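Chemist: Got a predicted structure plus its sequence, pasted below:
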Amino acid sequence: MNSSAPVPPVSFTHREVLRILSGVLLCMLMAALDQTVLATALPAIAADFNGVPHLSWVITAYLLFSTAATIMLGKLSDLYGRRRLLELSIGVFLLASLACAVSQSMGSLIAARALQGLGGGGLYSMSQASIGDVVSARERGRYQAYITSTYGVASIAGPLIGGFCVEYLSWRWAFWLNLPIGILAFAFCHRGLAKVIVRRQRRPIDFLGAALILPGVTAWMLLAAWGGSEVPWVSLTTFGLAAAGAAFVAAFVIRERLAPEALLPPRLFASQTFRVATILNFFINAITVGTYMLLPVFFQLVIGVDAEFSGAMLIVPLLTQIVASIYAGRRVQQTGRYVWAPRIGFGALIVSAALFGTMTATIPIWRVEGFMMVNALGMGLCQAPLWVAVQNSAELRDMGAVTGSTAFFRALGGAFGAAMLWSVLLAMLDSTVAAEGHAGFGSSLLRGGRVALAALPADVRIFFVPAFGHAFHITFLLAAGLAAIAFGATYFLKEIPLRTSTHAIAKDERSISASSLPE
């Protein structure tokens, strides 16, 4: 079959890589900042449009379309080149940002956010695949760490920028800010990726596969978003969403086995490294998203700090994550080994989740910061090496597909982790307070936040704080269990020699045993 995969030149100089990396990092910074800035602006949006009941859809619409876009655009970029799809993604993202900024109703904002999700999914998968085109697997850990660091910077700067916009400007500036960043990113990417040559030849596009995976992903993402909060887990709605998602995904799997040019080529799963790394990518996001969703709630409701202080408590751990990610990337580059990093990383996540399970209302803040730094160390060690492992496991013609599928499974992992841990927290809290004659009151109080808790009589509040603490203990121990499963899976992750070139290599080179790696 004719190939149209990117064919890089013999090599890229460090300066050329940095120029390309500048555009890629700007793309990812724009997408990451959009999410973190918007999170701060959501209350102002709800107040402006009087749309609190539909506020969750501002986030859900983006997630639904970005998750589907990662897998589709990843494969399309293997056919038509990374630069063209990345530039298209930037254009769609900026057009949608403009539509969000001028929205006059909650409905128009949600529709614009759905369109923005298509662009955001492309930014994520195309940026990762572009790095794979120009940097060998051996060197990629070094540069991948910069990408991980970009998300850490966005996590710190986003809430500060969002708070400034809401306080002194308008929530609409959360979207206006994307325009200058996007224009600069477009210029860097257009110039930098021009050197990556693409042989464009006619190949079939799997439209049927796309038509099957979209409703399947949508059903499962809605199940994760609504289950336990909007609708009970035991209900016809949840069963229907689960069944519909399973049916469409099963049909998609059958289609991919038959399609001449599959969106998710079955040959990817022939690699044990790809299979195990995909599982680990799913778990790292499930643990990360779920834990970082729970921690601020614990800080505010159990320890009793305000939202601003709870956000500030994340700064030092995020810096720890950045340093750990950079260290892991450089060690992978120097040694060619990557399995050690996720193994230590998931071990640290087990320890940190178990430590979180010991926290009480009277715990000193400095000790909590220490627990969070252990958690951040684990996340930093896992992120970059897992990207390196999964991209190194695939043929270069599948770089876009493997990158898009990894982003896809990470997104599913995040949705799964957030939904499961939140549901367990609600169930444990309701169970605890029901035993004291307050059935159903715990979850409603949790959703009401510090304001609802402060409004309770002092004698009742004294009872609820320990109840919150117990529910969080169980939930954090569940997160430790997820990390333990992932830790066990790291022993099935094979150490494949990292490519030292961005060109296709002979099959016998791919079969070199791990024993040839430097000690």
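Modeler: Now that the structure is in, tell me what you want to look at.
Chemist: So what's the gap between stretch 359-375 and the chain middle?
Modeler: Put simply, stretch 359-375 sits 25 Å off its chain's centre (CA atoms, centre = their mean, to the nearest Å).
Chemist: Run through who's touching that stretch.
Modeler: For stretch 359-375, contacts defined as CB atoms under 8 Å, 6 or more residues apart in numbering pick out 291, 295, 298-299, 302-305, 313-314, 316-317, 320, 348-349, 351-353, 355-356, 465-466, 469, 472-473, 476. The way it works is simple: take the backbone N, C-alpha and C, and place the C-beta from them, glycine included.
Chemist: Give the rounded mean pLDDT of it.
Modeler: Computed over stretch 359-375, the mean pLDDT rounds to 88.
Chemist: And stretch 314-329, by the same measure?
Modeler: 81.
Chemist: Could you check that stretch and say which residues are buried?
Modeler: Residues of stretch 314-329 classed as buried by neighbour count (16 or more other CB atoms under 10 Å): 314, 317-329.
Chemist: Can you add distance to Met72 and secondary structure and give these back as JSON lines?
Modeler: Shown next, in JSON lines, are the buried residues of stretch 314-329 (distance: CB to CB, whole Å; DSSP: H, G, I helix; E, B strand; the rest coil):
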{"residue": "Leu314", "distance to Met72": "33", "secondary structure": "coil"}
{"residue": "Pro317", "distance to Met72": "34", "secondary structure": "helix"}
{"residue": "Leu318", "distance to Met72": "31", "secondary structure": "helix"}
{"residue": "Leu319", "distance to Met72": "35", "secondary structure": "helix"}
{"residue": "Thr320", "distance to Met72": "35", "secondary structure": "helix"}
{"residue": "Gln321", "distance to Met72": "30", "secondary structure": "helix"}
{"residue": "Ile322", "distance to Met72": "31", "secondary structure": "helix"}
{"residue": "Val323", "distance to Met72": "35", "secondary structure": "helix"}
{"residue": "Ala324", "distance to Met72": "32", "secondary structure": "helix"}
{"residue": "Ser325", "distance to Met72": "28", "secondary structure": "helix"}
{"residue": "Ile326", "distance to Met72": "32", "secondary structure": "helix"}
{"residue": "Tyr327", "distance to Met72": "34", "secondary structure": "helix"}
{"residue": "Ala328", "distance to Met72": "30", "secondary structure": "helix"}
{"residue": "Gly329", "distance to Met72": "29", "secondary structure": "helix"}
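Chemist: In CSV: those residues, plus distance to Met379.
Modeler: Converted to CSV, the buried residues of stretch 314-329 look like this (distance: CB to CB, whole Å):
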residue, distance to Met379
Leu314, 12
Pro317, 9
Leu318, 9
Leu319, 12
Thr320, 9
Gln321, 5
Ile322, 10
Val323, 12
Ala324, 8
Ser325, 8
Ile326, 13
Tyr327, 13
Ala328, 10
Gly329, 14
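Chemist: any idea which of those is closest to Ala489?
Modeler: For the buried residues of stretch 314-329, the minimum distance to Ala489 (CB to CB) is 18.0 Å, reached by Ala328.
Chemist: separation between that closest one and Cys100?
Modeler: 36 Å (CB to CB, to the nearest Å).
Chemist: Can you list the buried residues in stretch 17-27?
Modeler: Val17, Arg19, Ile20, Leu21, Ser22, Gly23, Val24, Leu25, Leu26, Cys27.
Chemist: where does the fifth one land on pLDDT?
Modeler: In this prediction, Ser22 carries a pLDDT score of 78.
Chemist: where does the stretch 251-400 of the chain have low pLDDT?
Modeler: Along the stretch 251-400 of the chain, segments meeting pLDDT under 70 span 306-308, 310-311, 395-400.
Chemist: Could you list which residues are in contact with Pro385?
Modeler: Counting by CB under 8 Å, 6+ apart, Pro385 has contacts Gly141, Ala328, Gly329, Val332, Tyr338, Val339, Ala341, Pro342.
Chemist: how about CSV for the residues you listed, with secondary structure and distance to Ala484 added?
Modeler: Below are the contacts of Pro385 laid out as CSV (DSSP: H, G, I helix; E, B strand; the rest coil; distance: CB to CB, whole Å):
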residue, secondary structure, distance to Ala484
Gly141, helix, 25
Ala328, helix, 21
Gly329, helix, 25
Val332, helix, 24
Tyr338, coil, 21
Val339, coil, 17
Ala341, helix, 17
Pro342, helix, 13
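Chemist: With respect to Thr237, which of these is nearest?
Modeler: The closest of these, once distances to Thr237 are taken by CB to CB, is Pro342, at 36.5 Å.
Chemist: The closest one against Gly380, yeah?
Modeler: No - with contact defined as CB atoms under 8 Å, Pro342 does not count as touching Gly380 (11.0 Å).
Chemist: among the contacts of stretch 359-375, which are in helices?
Modeler: 291, 295, 298, 316-317, 320, 348-349, 351-353, 355-356, 465-466, 469, 472-473, 476 (DSSP state H).
Chemist: Thr150: neighbouring residues, count only.
Modeler: Thr150 is flanked by 22 other residues according to other CB atoms under 10 Å.
Chemist: avg pLDDT for the one helix or strand it maps to?
Modeler: According to DSSP states H and E, Thr150 maps onto helix 137-168. The pLDDT scores in helix 137-168 average 70.
Chemist: next SSE after that helix?
Modeler: Per DSSP H and E, the helix or strand that comes after helix 137-168 is helix 173-176.
Chemist: Report all helices and strands that that following helix contacts.
Modeler: Judged by 3 or more CB pairs under 8 Å, 6 or more residues apart in numbering; DSSP states H and E, the packing partners of helix 173-176 are helix 14-49, helix 82-101, helix 137-168.
Chemist: Not counting it itself, show me its contacts.
Modeler: When contacts are defined by CB under 8 Å, 6+ apart, helix 173-176 is touched by residues Asp34, Val37, Leu38, Thr40, Ala41, Ser97, Leu98, Cys100, Ala101, Gly162, Cys165.
Chemist: Please list only the buried members of these.
Modeler: Neighbour-count burial (16+ other CB under 10 Å) applied to these gives Asp34, Val37, Leu38, Thr40, Ala41, Ser97, Leu98, Cys100, Ala101, Gly162, Cys165.
Chemist: Among the contacts of helix 173-176, which pair sits farthest apart?
Modeler: Farthest-apart pair in the contacts of helix 173-176 is Thr40 and Leu98; separation 20.4 Å (CB to CB).
Chemist: how close does Leu115 sit to Leu177?
Modeler: From Leu115 over to Leu177 the distance is 18 Å, taken as CB to CB.
Chemist: give the contact list for the spatially closest residue to Phe298 that is not a sequence neighbour.
Modeler: Nearest non-adjacent residue to Phe298, counting by CB to CB, 6 or more residues apart in numbering: Phe472, 5.2 Å away. Going by CB under 8 Å, 6+ apart, Phe472 touches Leu294, Phe298, Val302, Phe356, Gly357, Met359, Leu425.
Chemist: what two of those residues have the greatest distance between them?
Modeler: Met359 and Leu425 (13.9 Å).
Chemist: Show me the chain divided up by domain.
Modeler: Taking automatic domain parsing as the reference, the chain has its domains at 1-198, 206-260, 268-500.
Chemist: could I get the buried residues of stretch 17-27 as CSV with distance to Ala384?
Modeler: CSV is the format used below for the buried residues of stretch 17-27 (distance: CB to CB, whole Å):
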residue, distance to Ala384
Val17, 16
Arg19, 21
Ile20, 17
Leu21, 14
Ser22, 18
Gly23, 19
Val24, 14
Leu25, 14
Leu26, 19
Cys27, 17
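Chemist: so which of those residues would you say is closest to Leu263?
Modeler: Nearest member of those to Leu263, counting by CB to CB, is Cys27, at 22.1 Å.
Chemist: so the closest one makes contact with Cys189?
Modeler: Yes - counting by CB under 8 Å, Cys27 touches Cys189, with 6.9 Å between them.
Chemist: hmm, back to that, neighbour count for Met359 and Leu425, which is higher?
Modeler: Leu425 (26 against 20).
Chemist: Now do the nearest residue to the more buried one once chain neighbours are set aside against Leu295, distance only.
Modeler: If the residues on either side of it in the chain are set aside, Leu425 comes closest to Thr475, at 4.5 Å by CB to CB, 6+ apart. In this view, Thr475 and Leu295 are 11 Å apart by CB to CB.
Chemist: Noted, bye for now.
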